[in-house]
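1. Sequence plus predicted model, see below.
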Amino acid sequence: MKITEHLKNAKKTVFSFEILPPLKGQSLNELMEGISPLMEFNPPFVDVTYHREEFIYKKHPNGLLEKVSTKKRPGTVGICAAIMNRFQVDAVPHLLCGGFTKEETENALIDLNFIGVDNVLALRGDAPKTEGRFEPEKDGHHFASELVEQIIRMNNGKYLHEETETSFHTDFCVGVAGYPEKHFEAPSLKFDLNYLKDKIDKGAEYIVTQMFFDNQKFFEFEQKVREAGINVPIIPGLKPITTLGQITMLPRTFFLDLPDALTDELIKCKTNAEVKEVGIAWAIEQSKELIAAGVPSLHFYTMSKADATYKIAKEVF
Ligand SMILES: Cc1cc2nc3c(=O)[nH]c(=O)nc-3n(C[C@H](O)[C@H](O)[C@H](O)COP(=O)(O)OP(=O)(O)OC[C@H]3O[C@@H](n4cnc5c(N)ncnc54)[C@H](O)[C@@H]3O)c2cc1C
């Protein structure tokens with residue numbers, strides 16, 4: 001079922017969450033067992049991230065270094081199939097521009113359709129860690145809006161090579177990313193919102209936000225999105241802080257601020273266990289306020305560690 005239908009049918013804010021595929025070489029069992037308790041809160045959908053290739057340097061016996069491309073977390077499509085099969089919930093794969101030609105995108109979408117996926121989150125992706133800036137594949141998409149366009153064209157029965165005869169068309173519901181604290185490359189929030197609107201105008205039907213820790217920033221973002229003429233559901237993304245390292249890693253990686261009231265509590269913590277308690281309590285307060293404000297879903301970034309999200313959901317759902 002489409003995310004938009006799930007949200008429309010829901011009488012109240014629904015619980016949803018995102019997981020990462022396990023590192024290559026690990027089995028899926030631990031992840032599946034880990035998220036199993038979260039099914040108690042009836043998530044209508046679970047997002048599965050996509051991880052593009054990274055470059056590593058292999059040292060040869062003669063001392064020369066070879067640049068090798070590898071995917072550390074493959075398996076997004078397989079995990080989607082496994083989740084739908086085991087838990088009877090919708091799985092939402094993330095689909096990137098980066099690393100894909102248009103032809104590969106088309107083929108990936110056909111696979112997703114064949115396994116029964118009804119929704120995709122269309123994203124540009126970032127540059128591989130060792131590269132400075134995002135570069136599309138030759139004949140790939142530069143921005144998420146172009147990927148949205150391709151998916152919608154397929155929904156209208158238009159494949160890349162117009163000669164493909166089709167009596168069948170896909171019917172994906174497309175979500176896109178939004179940034180309450182603006183995307184790091186955008187010169188201003190207004191600039192970023194113009195392109196968020198572009199993604200919606202091209203056919204995306206809902207927005208999932210980057211994580212944020214200050215609800216006021218979300219509410220201001222939501223108001224500006226509405227003022228920009230965007231009327232689709234906006235799903236806030238939440239992440240409980242669980243380790244000391246995340247206090248600096250999250251702002252560095254995701255270009256966001258932690259509010260003073262939160263950092264004041266976090267810096268008093270001596271252990272990860274203490275940090276986790278503070279992080280969970282903060283996320284519970286955030287969740288309660290967002291639910292009271294009537295958000296359609298709370299979407300948790302679990303980083304595939306479900307226990308903190310379980311404690312929050314137990315309090316608020
Ligand atoms: C909910 C969520 C889930 C995510 N999941 C993943 C994942 O699974 N895997 C992963 O690798 N990454 C993921 N990301 C990270 C995402 O790929 C990066 O943030 C990426 O840098 C931007 O992706 P986007 O889809 O927002 O890009 P876009 O919407 O394409 O925007 C990228 C930048 O370009 C600007 N822009 C857009 N269109 C134009 C235009 N026509 N001309 C000029 N400028 C333009 C925008 O303002 C923005 O600054 C996720 C992010 C979010 C919020």
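-> Here it is on my side, so go on.
2. And whatever residue is furthest in space from the centre of the chain, how far from the ligand?
-> Distance to the chain centre peaks in the chain at Asn62, reaching 42.3 Å (criterion: Cα atoms, centre = their mean). Going from Asn62 to the ligand by Cβ to the nearest ligand atom, to the nearest Å gives 35 Å. The C-beta positions use only the backbone N, C-alpha and C, and glycine is treated the same way.
3. I'd like the distance between that residue and Phe55.
-> Remark: distance between Asn62 and Phe55 (Cβ to Cβ, to the nearest Å) = 20 Å.
4. swap in Ile115?
-> Ile115 is 30 Å from Phe55, by Cβ to Cβ.
5. ditto for Val275
-> Applying Cβ to Cβ to Val275 and Phe55 gives a distance of 33 Å.
6. and the helix or strand of the chain with the lowest mean pLDDT, what does it pack onto?
-> Across the helices and strands of the chain, mean pLDDT, DSSP states H and E gives its lowest value to strand 54-59, namely a mean of 88. Secondary-structure packing of strand 54-59 (3 or more Cβ pairs under 8 Å, 6 or more residues apart in numbering; DSSP states H and E): strand 65-70.
7. Output the strand it packs on as PDB, nothing but the C-alphas.
-> The C-alpha trace of strand 65-70 is given here as PDB (Å, rounded to 0.1, in the frame of the first residue of the first chain):
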ATOM      1  CA  LEU A  65      48.200   1.000  -3.900                       C
ATOM      2  CA  GLU A  66      45.200   0.000  -6.000                       C
ATOM      3  CA  LYS A  67      42.000   2.000  -5.700                       C
ATOM      4  CA  VAL A  68      39.100  -0.500  -5.400                       C
ATOM      5  CA  SER A  69      35.400   0.200  -5.400                       C
ATOM      6  CA  THR A  70      33.300  -1.800  -2.800                       C
END
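8. any idea how far that strand is from the chain center?
-> 28 Å (Cα atoms, centre = their mean, to the nearest Å).
9. partners of it in the sheet?
-> Here strand 65-70 is paired, per DSSP bridges, with strand 54-59 (antiparallel).
10. Next up, the contacts around Thr309.
-> Counting by Cβ atoms under 8 Å, 6 or more residues apart in numbering, Thr309 makes contact with Phe17, Leu38, Pro240, Phe300, Thr302.
11. In ChimeraX, how would I select the buried members of these?
-> Listed next is the ChimeraX selection for buried residues among the contacts of Thr309, using 16 or more other Cβ atoms under 10 Å:
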select :17,38,240,300,302
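12. Next, the buried residues of stretch 139-153.
-> Across stretch 139-153, burial judged by 16+ other Cβ under 10 Å covers 140-141, 143-153.
13. Show me which residues of the stretch 51-200 of the chain sit near the ligand.
-> 52, 94, 96, 123-126, 143-145, 177, 183, 185-186, 191-192, 195, 199 (Cβ under 6 Å from any ligand atom).
14. Is it possible to mark the buried ones in those?
-> Of those, these count as buried by 16+ other Cβ under 10 Å: 52, 94, 96, 123-125, 143-145, 177, 183, 192, 199.
15. and the closest residue to Ile247 other than its chain neighbours, how many neighbours?
-> Once flanking residues are discounted, Ile247 sits nearest to Leu266: 5.3 Å by Cβ to Cβ, 6 or more residues apart in numbering. Applying the criterion other Cβ atoms under 10 Å, we find 18 residues in the vicinity of Leu266.
16. pLDDT below threshold where in the protein?
-> Applying pLDDT under 70 to the chain flags residues 163-165.
17. which residues in it form strands?
-> Here the chain has its strands, by DSSP state E, at 14-19, 45-48, 54-59, 65-70, 90-96, 119-123, 173-178, 206-211, 234-238, 297-301.
18. Can I get the ones you listed in CSV including distance to Arg226?
-> As requested, the strands of the chain are exported to CSV (distance: least, Cβ to Cβ, whole Å):
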stretch, distance to Arg226
strand 14-19, 21
strand 45-48, 24
strand 54-59, 38
strand 65-70, 42
strand 90-96, 24
strand 119-123, 21
strand 173-178, 12
strand 206-211, 11
strand 234-238, 9
strand 297-301, 18
